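> prediction below, plus the sequence it came from.
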Amino acid sequence: MSVDTSLYAVNPVEGIIKLWRDSLHQVLDLYERKRGSLKVFFPILFGFFIFLNVACYWWAIYTAFPHYMMTHEAAHYIKLQIPVGFLGALFDSLSFFVTIWIIRRALASTRTSEYIFHLSLDLFIAILATFWVLFVFTFGGWMISLWETAPEQLAERSTKYTNRAIQAIQDPTGRENAKNIYFGLIMGVSAALPTILHIGLFVVSCVRSIIPETRKPDPTEEELN
């Protein structure tokens, strides 16, 4: 049996979009079949994001600012992993279900522009995650400082992290600013997972459109043949 390649030959863009839709539909179908009870799934999801956020936190610390752990503030950064893990997991878990809703809306759309528009909404989630990271380090660090010998003012801590973000934008090539940008990118890995998924499926769809042997036959085409 041969696969009908007329769609890919006449309109390769539409062919790629169709493959992209099919791949995303398979991912959504797999999620809905395997998820099970939400009461069981949500704690597992939340725990996964706690682990991922804490792992990213320590990866960023030891690759960007390892000297922090050799100062008197080491204990503070060890404690900071707690709000980083929990508050990060809260945002990621909620955004996960928003992403599922976005995927459903995208697959229900009839026009390619609507499909791409819905999936691009995940980029806004990634942008919001940047501000959430600033909030986590500001609010979480302030709460921890209340139990330390030198409590910080919330406003002062907020100003400090805001200034770091502004400096990084104004001079991204500066050594410390580059480290802060790198740190933020690592901390945003969990929030970027939906975008990575969409881009990955798009790339795979492009490859499948170029190499016919990698395309799975359409069930309707199989019935016709």
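The structure has been received and is ready for your questions.
> low-confidence stretches in this protein?
1-11, 148-151, 154, 212-225 (pLDDT under 70).
> now the residue nearest the centre of it, nearest residue through space, not along the chain?
With distances taken as Cα atoms, centre = their mean, the residue of the chain nearest its centroid is residue 192 (1.9 Å). Counting by Cβ to Cβ, 6 or more residues apart in numbering, residue 126 is the residue found nearest to residue 192 once chain neighbours are left out, at 5.2 Å. Quick note: C-beta positions are derived from backbone N, CA and C, even for glycine.
> what about that neighbour, which helix or strand?
helix 112-135 (DSSP states H and E).
> buried residues, that helix. List them.
Buried residues in helix 112-135, counted by 16 or more other Cβ atoms under 10 Å: 115, 118, 119, 122, 125, 126, 129, 132, 133, 134.
> list the helices and strands it packs on?
helix 12-34, helix 74-108, helix 154-170, helix 175-187, helix 189-210 (3 or more Cβ pairs under 8 Å, 6 or more residues apart in numbering; DSSP states H and E).
> what's the helix or strand that that helix is followed by packed up against?
Past helix 112-135, heading to the C-terminal end, the next element that is a helix or strand (DSSP H and E) is helix 141-145. With contacts defined as 3+ Cβ pairs under 8 Å, 6+ apart, helix 141-145 has these neighbours: helix 74-108, helix 154-170.
> so which of the ones you listed comes closest to residue 199?
Shortest separation from residue 199 across those is recorded for helix 74-108, at 13.6 Å, computed as Cβ to Cβ.
> what are the buried residues along that closest one?
Within helix 74-108, the residues that qualify as buried by neighbour count (16+ other Cβ under 10 Å) are 76-77, 79-81, 83-93, 95-96, 99, 102-103, 106.
> could you dump the helices and strands packed on helix 141-145 into a markdown table with distance to residue 39 added?
Supplementary listing: these in a markdown table, determined by distance: least, Cβ to Cβ, whole Å:
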| stretch | distance to residue 39 |
| --- | --- |
| helix 74-108 | 14 |
| helix 154-170 | 35 |
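> quick one: closest of those to residue 47.
Across the helices and strands packed on helix 141-145, residue 47 has its closest neighbour in helix 74-108 (7.7 Å, Cβ to Cβ).
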